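K.L.:
fold the following, please.
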Amino acid sequence: MSGYFESNPQIEVTEIDFPRNILEFQELFGTEEACEQYLFQVKWPEGFVCPRCENDAYYYIKGRRLLECTECGHQTSLTAGTVMHRTRTPLRIWFYAAYLAVTQTPGMSARQFRRQVGLKSYEVAFNMLHKLRAAMVRPERDKIHGLVEMDETFIGGPEHGKVGRGALGKVLVAGAVEIRDNPKDGTMSGRLRLKIIPDASFESLYSFISLNIEMKSIIVTDDWRGYWPLSKRKYRHRVAGPGELIHIHRTFGNLKTWLRGTHHGVSEKHLQAYLNEFVFRHNRRFSPMAAFKRILGLAMHTRGPTYKELYKSGEREGWVHPNE
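P.N.:
Numbering: from 1, shown residues only. Next up is the predicted model:
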């Protein structure tokens, strides 16, 4: 019995073109075999090699998505190391979820996705999208640098009590965005970083900055005292003039509109995952097909959260609604 992927005529093993629209997507990834073919190509672009004995001949056990070495009998799962490992959901639905998550401008909520593909369970749709969001984060990603605008914003609906940086009942999110030259409009926003922080103290702000912004970068902020010691930490700090923080403020506005419009508010427990998705989509907004390739490529090295991890505290508790 020859290797399935060497004889399957549907898609060439050596190269796969990524779809430019939904019709091309359905033509390329409309069957389980086509999706399996793609995973094989991503994992073994130069051809299969047994991890135990380095033999290159195998049998493919289709129903279990296993490749069995013809020499030593070692079995390797096609989905091992991906967010789809041991899934009972068809691969074509996973691929469709990834495609929608990175190509639809407003994103995709779990309820919308469940309706589109006919899943019986909201929890399955929710878990799938969160696994894909986990694959959007590359732990070793580069820090942003150069000219950077930074500020914080609160995510949460109207609450009684204190306002401003001491507000109660809301989640504080730090944001930083590169500013790049744009031949048409002067400047444009580049790469973005967003993270929940406990407060607006220098310690919390500096923890975010040191993890996400290269030293010697120029960081432009408002005149909040939590930023004052930055110049003593090998960063170049400048207080913005009136209306100067336009890019980070516009980003915050887009974030809140997206959370309110697509997701109708999210739980505080999962807010960081949604922030990660927003960052991923922002940073790849000019290349949605590359983003589709990236999310599946990243998934080859990222373990997504399990159902138990997602729901152990109760997903529907503590909803956070974007500011109106």
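K.L.:
which residues in the stretch 151-300 of the chain form helices?
P.N.:
Using DSSP state H, counting those that start in this stretch, the helices of the stretch 151-300 of the chain run over residues 202-212, 246-258, 271-283, 288-299.
K.L.:
may I see the buried residues of the second one?
P.N.:
Buried positions in helix 246-258, judged by neighbour count with 16 or more other Cβ atoms under 10 Å: H247, I248, H249, T251, F252, L255, K256, W258. C-beta: built from backbone N, CA, C; applies to glycine.
K.L.:
OK, contacts around the first one?
P.N.:
So the one you mean is H247. Neighbouring residues of H247 by Cβ atoms under 8 Å, 6 or more residues apart in numbering: E149, V177, I179, T187, M188, S189.
K.L.:
tell me how the protein divides into domains.
P.N.:
Domains of the chain are assigned by automatic domain parsing as 1-78, 86-135+271-304, 147-249.
K.L.:
picking up where we left off before, which one of the helices of the stretch 151-300 of the chain is the most hemmed in?
P.N.:
With neighbours defined as mean count of other Cβ atoms under 10 Å, those peak in mean count at helix 271-283, which reaches a mean of 21.
K.L.:
run through who's touching that one.
P.N.:
Contacts to helix 271-283, defined as Cβ under 8 Å, 6+ apart, come from residues 101-102, 107, 130, 133-134, 136-137, 155, 171, 173, 189, 191-196, 251, 255, 258-259, 263, 266, 291, 295, 320.
K.L.:
return the most buried member of the domains of the chain.
P.N.:
When the domains of the chain are compared using mean count of other Cβ under 10 Å, domain 86-135+271-304 is most buried, at a mean of 19.
K.L.:
okay, which residue is most central for this structure?
P.N.:
The chain has M136 as the residue nearest its centroid, 2.7 Å off, counting by Cα atoms, centre = their mean.
K.L.:
correct me, but that one touches H130?
P.N.:
No: using Cβ atoms under 8 Å, M136 and H130 do not qualify as a contacting pair, with a distance of 10.5 Å.
K.L.:
just to revisit the earlier point, quickly name whichever of the buried residues of helix 246-258 is closest to E68.
P.N.:
Nearest to E68 out of the buried residues of helix 246-258 is W258 (Cβ to Cβ; 45.3 Å).
K.L.:
need the contact list for the residue lying closest to R225 once chain neighbours are set aside.
P.N.:
Distance criterion Cβ to Cβ, 6 or more residues apart in numbering; nearest residue to R225, sequence neighbours excluded, is F202 at 7.9 Å. Residues in contact with F202 (Cβ under 8 Å, 6+ apart) are R225, G226, Y227, W228, P229.
K.L.:
returning to that earlier point: which ones among the contacts of H247 are found in strands?
P.N.:
Among those, the residues falling in strands (DSSP state E) are E149, V177, I179, T187, M188, S189.
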